[in-house]
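> The amino acid sequence is not available; the structure is as follows:
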């Protein structure tokens, strides 16, 4: 019985030790983001020099989270160019990716997604450089999207 309780406590500790999805704005203008899974979160404004962060989490309806970023306040609902920083928490791993829809809002700006010593996504010109962009890291790590890196 004691082994079972200790095992459950160890499992709970490993599950709760997840990193964060972080969005950094090093640009000179604000942008707006929504965390989207099975539902749409509230709009967040990220000022120049500002940061947004959320704990990595699994969405039971969609399987993953897409942090959708636009340069206009109603961009998610108006079809504005949207940067998509997506992740999926899969037990001990987090898979992450970068893509766009309706255009490239950060064209001409350097974009990165980093996570400690794990794979880096690098868009030097703010546009998809080609090839697969999907990376994976341990779920205890932060995954950081930086605009105007």
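Received, thanks. All figures in this text were calculated on a predicted structure; none of them were measured in a lab.
> Spell out, range by range, the strands that occur in the protein.
Under the criterion DSSP state E, the chain contains strands at 20-25, 31-36, 44-46, 51-55, 65-70, 82-90, 93-101, 111-114, 121-123, 135-138, 143-147.
> and residue 82, what are its bridge partners?
Beta-bridge pairing for residue 82 (DSSP bridges): residue 101.
> where does this protein have low pLDDT?
1-16 (pLDDT under 70).
> just to revisit the earlier point, can I get the strands of the chain in a markdown table with distance to residue 129?
For the C-beta atoms, the positions are set from N, CA and C on the backbone; glycine is no exception. Output for those, formatted as a markdown table (distance: least, C-beta to C-beta, whole Å):
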| stretch | distance to residue 129 |
| --- | --- |
| strand 20-25 | 20 |
| strand 31-36 | 21 |
| strand 44-46 | 24 |
| strand 51-55 | 25 |
| strand 65-70 | 18 |
| strand 82-90 | 14 |
| strand 93-101 | 10 |
| strand 111-114 | 10 |
| strand 121-123 | 6 |
| strand 135-138 | 14 |
| strand 143-147 | 16 |
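> Pipe those into JSON lines and attach mean neighbour count per row.
Below are the strands of the chain laid out as JSON lines (neighbours: other C-beta atoms under 10 Å):
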{"stretch": "strand 20-25", "mean neighbour count": "20"}
{"stretch": "strand 31-36", "mean neighbour count": "21"}
{"stretch": "strand 44-46", "mean neighbour count": "15"}
{"stretch": "strand 51-55", "mean neighbour count": "14"}
{"stretch": "strand 65-70", "mean neighbour count": "23"}
{"stretch": "strand 82-90", "mean neighbour count": "21"}
{"stretch": "strand 93-101", "mean neighbour count": "18"}
{"stretch": "strand 111-114", "mean neighbour count": "23"}
{"stretch": "strand 121-123", "mean neighbour count": "19"}
{"stretch": "strand 135-138", "mean neighbour count": "17"}
{"stretch": "strand 143-147", "mean neighbour count": "23"}
